[in-house]
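Undergrad: no sequence for this one, just the structure:
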């Protein structure tokens with residue numbers, strides 16, 4: 001919708017695509033919806049939810065068997081983002097490499113976007 005024609009709004013690393021595919025296989029999920037909301041110490045937070053239906057307004061990205069839907073209000077904030085899945089000794093989770101982020105909180109879960117009004 002807002003992206004470059006012929007290019008996905010977000011990309012997934014092979015580990016992220018594998019994890020999302022694994023999650024989709026449970027309980028007949030249609031994919032993972034990604035959004036943003038106000039909150040956190042930097043002003044905004046990513047949201048991730050399992051979905052059983054695709055919203056016709058979502059931007060749908062399919063890659064290597066994984067399906068990610070980008071909520072309409074988040075599309076302009078996520079253009080160019082790479083989503084990875086990282087595992088280390090203490091935790092595992094999705095990581096967003098987003099070129100639109102101006103600041104990130106020390107916790108890594110709260111962000112402020114370039115040219116976005118502060119919360």
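TA: Received, thanks. Here the structure is a predicted model, which means the values were calculated and not measured.

Undergrad: got a list of what the residue positioned nearest the centre of the chain touches?
TA: Compute the mean C-alpha point of the chain, and by CA atoms, centre = their mean the closest residue is residue 34, 4.3 Å away. The neighbours of residue 34, taking CB atoms under 8 Å, 6 or more residues apart in numbering as the test, are 10, 46, 47, 48, 68, 69, 70, 71, 74, 78, 83. Any C-beta I mention is one placed from the backbone N, CA and C, and that applies to glycine too.

Undergrad: and if we set it to 10 Å?
TA: 9-10, 46-49, 58-59, 61, 68-71, 74-75, 77-78, 81, 83, 94, 96 (CB atoms under 10 Å, 6 or more residues apart in numbering).

Undergrad: repeat for residue 60
TA: 1, 8, 9, 30, 31, 33, 54, 67, 68, 69, 70.

Undergrad: so which of those belong to strands?
TA: 31, 33, 67, 68, 69, 70 (DSSP state E).

Undergrad: and these, which is closest to residue 19?
TA: Proximity of the ones in strands among the contacts of residue 60 to residue 19 (CB to CB) peaks at residue 68, which lies at 11.3 Å.
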